[in-house]
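In: Need the 3D shape of this:
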Amino acid sequence: MAVRIRLTRLGKKKKPFYRIIVANSENKRDGKFLDVVGTYDPCKDPAAITLDNTKLQDWLGKGALPTSTVKSLIKKAATPAE
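Out: As a prediction, this is how the structure comes out:
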């Protein structure tokens, strides 16, 4: 079982909102997940990213791999806003 840290889509049509979740890589995008580690709201200006760093570090320590999109969101959240 490969565990991935990825996005799941919520919100209305044309108004997306995402949760950053930990899930088995074989599960559907909006299907069963193990844990919620943050949120991402691209509709706000600038985009709002919230992360629970303790949960995130715990799952990364257990071997969960982030997708490329989540990896870039983690980088953006770590850098201070300008």
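In: Going by C-alpha atoms from here, please, whenever you check contacts or count neighbours.
Out: Fine.
In: got the residue ranges for the helices in this structure?
Out: 53-61, 68-78 (DSSP state H).
In: Might you report the residue contacts of the residue nearest the centre of the chain?
Out: Computing the C-alpha centroid of the chain and ranking residues by C-alpha atoms, centre = their mean puts I20 first, at 2.1 Å. Residues in contact with I20 (C-alpha atoms under 8 Å, 6 or more residues apart in numbering) are I5, R6, L7, T8, V36, V37, G38, T39, Y40, V70.
In: Check K15 too.
Out: Counting by C-alpha under 8 Å, 6+ apart, K15 has contacts C43.
In: Distance check, it against I49.
Out: Separation of K15 from I49 (C-alpha to C-alpha, to the nearest Å): 16 Å.
In: Most neighbours among the contacts of I20, which one?
Out: Among those, the one with the most neighbours (other C-alpha atoms under 10 Å) is I5, at 27 neighbours.
In: so that one bridges to which residues?
Out: V22, P66 (DSSP bridges).
In: Could you pull up the contacting residues of it?
Out: Residues counted as contacts of I5 (C-alpha under 8 Å, 6+ apart) are I20, I21, V22, A23, A64, L65, P66, T67, V70.
In: The helices of the chain: which one's closest to K32?
Out: Of all these, helix 53-61 sits nearest to K32, with 16.6 Å by C-alpha to C-alpha.
In: How about residues contacting that closest one?
Out: Helix 53-61 has contacts (C-alpha under 8 Å, 6+ apart) with V22, V37.
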